[in-house]
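Visitor: predicted model and sequence below, questions to follow.
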Amino acid sequence: MDEHEPNTVKDLLVELKDASELMVDLAYAAVFFNEEKLAEEVGRLEERSTLYLRRLRTIAMLAARSPEDAEGMAGVLWIADAIQKVGDAASDIARVIAARLGIPDVLRPDLRHADEMTARVRVRDGSAAAGHTLRELSLPTETGMWVMAIRSDMRWEFDPRRRRATRRRCRSSIVRSTSSWR
């Protein structure tokens, strides 16, 4: 096990939750933008989530030393399974794009009317974002938006919140989402 991998019930539950949220957002963005790379990342996150869930189950079983402990862990496992189902549903959505089944173009604009909106933004020369880190930009605080993916040239960086030191180069594309619960 990698020393940087989560190895407590709490850390694994948080990782599962974060991964499933990102999977849902990326799956919708993959549909909205018809972007296979976003759909592929959902698949990678699903694999990682499966490993985390397996590890969480093992640690939870080892942690239960009494019937009361087992009852508490049963609730944690129930929540973890529900979180995994959310991620699985996101994977099902992303598979539509990954399998190139497509969505009629006439339906895509309707997705803009959702409470949570996803958009692709290009960082241009001289823009406020150019040359700044995500932390410096404080997008969630300042705008209510968070960045779920960044594309520079042909390379995608997913969940860049974990790598806050990355500076935005001009001509990078940022896929961002607005949400009231983040």
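Guide: Structure received.

Visitor: any idea of the mean pLDDT for stretch 134-144?
Guide: Averaging pLDDT along stretch 134-144 yields 70.

Visitor: where is the longest helix in the protein?
Guide: helix 67-98 (DSSP state H).

Visitor: the most centrally placed residue in the chain sits in which helix or strand?
Guide: Nearest to the mean C-alpha position of the chain, by CA atoms, centre = their mean, lies Leu22 at 1.4 Å. Using DSSP states H and E, Leu22 falls within helix 9-33.

Visitor: which elements pack onto that helix?
Guide: Applying 3 or more CB pairs under 8 Å, 6 or more residues apart in numbering; DSSP states H and E, we find helix 9-33 packed against helix 36-63, helix 67-98, strand 118-122, strand 145-152, strand 173-178. (Each C-beta comes from the backbone N, C-alpha and C, glycine too.)

Visitor: give the buried residues for it.
Guide: Of all the residues in helix 9-33, those buried under the rule 16 or more other CB atoms under 10 Å are 9, 12-13, 15-33.

Visitor: what's the angle from that helix to helix 36-63?
Guide: Angle of helix 9-33 versus helix 36-63, following axes from the mean of the first three to the mean of the last three CA atoms, to 10 degrees, is 160 degrees.

Visitor: could you check the angle strand 145-152 makes with helix 9-33?
Guide: Helix 9-33 runs at 70 degrees relative to strand 145-152, counting by the same axes, to 10 degrees.
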